[in-house]
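Participant: sequence and computational prediction follow.
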Amino acid sequence: MAGHRGFGYTRGRSTKTMNVVYEQPAKFNRYVDESIPLTWGYRWRTLKLVIPAIAFLYLTTAELLAFRLWQDDGLSPGELPFVLLAPFSIVPLLLLLVEGAIRTNHRSKRVLKLKDRWVSLSPSRVSRIRWKHIRACRFEPIQNQPGLTKFTVLFGPAKQGGWRRRWSMVLASPEQKDDLLAQVESRRDSKDHNYEVRVLTRPQPAPQPDCARGSMTVGMAVYLLGIFLFVHGAPALAYGALGVKDPPRAGQPLDNPTSQPKERFPTWLITPSSNAAELRRFFLVVGGTLTACSVASLVGGSLLMNRSRKRMWAAIEAEVLSSK
């Protein structure tokens, strides 16, 4: 085993400890990473998933900025373009972060570590997986690259309809392939784990973009809308239900005479109201309506995102277990 480059064993003093490491050079990432070469189509598919988050950050930032300016000196018409344009600085920052993460993965070697109780994957969103969560292992040749083998592992909870993810690497020699195949088969036989091992004789077609991503984007947008409505509705509902202090009436001098904004929020709002009870009733109705809409939006967005995830997980599982 020590003669094979890229993997080996580490033994404990009294018991044998499994510590097998496989490393794949970064130059082979193009065979297992669908973002290579990086195209504008891939960038757009990735950007669509974060558009709702960008819109949420934009609205909240613009609202906070407008409220701060209005609270200090009043919001003049000349400051409105600044309020609308300033939050756009978030967009290029997010795009640079996403682009940097993708290109960093392109230049990172892939590492697979087999331990007694878990498997380590790098780079991966889930870096450590227990053996009981392994669902399938697949070996397949790479088109026009004799001697190279693509290894794919499918993992996720055992429950039906649970989440599934896949991770792939390139085995640079037949010796590595034979050794890893022996490792996963012996682990399955010795521990009676319920996962499949498939060895294909022909390369699989490249995975197609999943259509469930559009539904995921809609679900995320609905969910973030619920958060936005809740942040505005819950405080108003709380004030309408618990507020007992009389607000200042129109024309009453302000507590701080040195600060004279164009309009104070409470003064402007209570002008058509005759007493504090009417104001609390107004907040109670508006806050209750916004809070009810936020709850419906949060539940609806969660259901849409969960349904989209299940579709993507089913597509991933079908692709890895396909033997065509």
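Facilitator: Cool, got the structure.
Participant: tell me the SS of residue 141?
Facilitator: strand (DSSP: H, G, I helix; E, B strand; the rest coil).
Participant: cool, and the one 5 residues further on?
Facilitator: Here residue 146 is strand, with the state taken from three-state DSSP.
Participant: other SSEs contacting the longest helix seen in the chain?
Facilitator: Secondary structure of the chain per DSSP state H: the longest helix is helix 276-321. Under the contact definition 3 or more Cβ pairs under 8 Å, 6 or more residues apart in numbering; DSSP states H and E, helix 276-321 sits against strand 134-142, strand 145-155, strand 165-171, helix 212-242. The C-beta positions use only the backbone N, C-alpha and C, and glycine is treated the same way.
Participant: and with 10 Å instead?
Facilitator: strand 134-142, strand 145-155, strand 165-171, strand 196-199, helix 212-242, helix 265-270 (3 or more Cβ pairs under 10 Å, 6 or more residues apart in numbering; DSSP states H and E).
Participant: need these in CSV with distance to residue 36, can you?
Facilitator: Converted to CSV, the helices and strands packed on helix 276-321 look like this (distance: least, Cβ to Cβ, whole Å):
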stretch, distance to residue 36
strand 134-142, 14
strand 145-155, 14
strand 165-171, 12
strand 196-199, 24
helix 212-242, 19
helix 265-270, 53
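Participant: and those, which one averages the lowest pLDDT?
Facilitator: Lowest mean pLDDT within the helices and strands packed on helix 276-321: helix 265-270, a mean of 45.
Participant: give me the phi and psi for residue 125.
Facilitator: phi -60, psi -40 (degrees, to the nearest 10).
Participant: picking that back up, let me have the helices and strands packed on helix 276-321 in JSON lines, extended by mean neighbour count and distance to residue 122.
Facilitator: What follows is those, written out as JSON lines (neighbours: other Cβ atoms under 10 Å; distance: least, Cβ to Cβ, whole Å):
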{"stretch": "strand 134-142", "mean neighbour count": "20", "distance to residue 122": "16"}
{"stretch": "strand 145-155", "mean neighbour count": "19", "distance to residue 122": "13"}
{"stretch": "strand 165-171", "mean neighbour count": "21", "distance to residue 122": "9"}
{"stretch": "strand 196-199", "mean neighbour count": "14", "distance to residue 122": "22"}
{"stretch": "helix 212-242", "mean neighbour count": "17", "distance to residue 122": "25"}
{"stretch": "helix 265-270", "mean neighbour count": "14", "distance to residue 122": "52"}
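Participant: out of these, which comes closest to residue 285?
Facilitator: The closest of those to residue 285 is helix 212-242. By Cβ to Cβ, the value is 7.4 Å.
Participant: quick one, the longest helix of the chain and strand 145-155 angle?
Facilitator: 140 degrees (axes from the mean of the first three to the mean of the last three Cα atoms, to 10 degrees).
Participant: among the helices and strands packed on helix 276-321, which is nearest residue 82?
Facilitator: helix 265-270 (20.5 Å).
Participant: angle of the longest helix of the chain against strand 165-171?
Facilitator: 40 degrees.
Participant: elements contacting the helix or strand harbouring residue 81?
Facilitator: Taking DSSP states H and E as the definition, residue 81 sits inside helix 80-85. In this structure, helix 80-85 packs against helix 40-73, with contacts taken as 3+ Cβ pairs under 10 Å, 6+ apart.
Participant: against which helices or strands is the helix it packs on packed?
Facilitator: Against helix 40-73 (3+ Cβ pairs under 10 Å, 6+ apart) you get helix 80-85, helix 90-106, helix 212-242, helix 265-270.
Participant: give me the distance from it to the chain's centre.
Facilitator: Centroid separation between helix 40-73 and its chain, computed with Cα atoms, centre = their mean, to the nearest Å, is 17 Å.
Participant: which parts of it are buried?
Facilitator: 45-47, 50, 52, 54, 56-58, 61-62, 65-66, 69-70 (16 or more other Cβ atoms under 10 Å).
Participant: with stretch 116-135 instead?
Facilitator: 119, 121, 124, 129, 131, 133, 134, 135.
Participant: make CSV from the residues you listed and add distance to residue 235 to it.
Facilitator: Shown next, in CSV, are the buried residues of stretch 116-135 (distance: Cβ to Cβ, whole Å):
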residue, distance to residue 235
119, 47
121, 44
124, 41
129, 42
131, 49
133, 42
134, 47
135, 46
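Participant: and those, which is closest to residue 76?
Facilitator: Looking across these and measuring by Cβ to Cβ, the closest to residue 76 is residue 124, at 51.2 Å.
Participant: what distance separates stretch 214-233 from the centre of its chain?
Facilitator: Worked out by Cα atoms, centre = their mean, stretch 214-233 lies 15 Å from the chain centre.
Participant: could I get that stretch in CSV with only the CA atoms?
Facilitator: The C-alpha coordinates for stretch 214-233 follow below in CSV (Å, rounded to 0.1, in the frame of the first residue of the first chain):
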residue,chain,number,x,y,z
GLY,A,214,-36.3,28.6,-10.8
SER,A,215,-38.8,27.4,-8.2
MET,A,216,-36.2,27.7,-5.5
THR,A,217,-35.6,31.4,-6.5
VAL,A,218,-39.4,32.1,-6.3
GLY,A,219,-39.6,30.3,-2.9
MET,A,220,-36.7,32.3,-1.5
ALA,A,221,-38.2,35.6,-2.8
VAL,A,222,-41.6,34.8,-1.1
TYR,A,223,-39.8,33.8,2.1
LEU,A,224,-37.7,36.9,2.3
LEU,A,225,-40.8,39.0,1.6
GLY,A,226,-42.3,37.4,4.7
ILE,A,227,-39.3,38.4,6.8
PHE,A,228,-39.6,42.0,5.4
LEU,A,229,-43.3,42.2,6.3
PHE,A,230,-42.7,40.7,9.7
VAL,A,231,-40.0,43.2,10.6
HIS,A,232,-42.4,46.0,9.8
GLY,A,233,-45.6,44.4,11.1
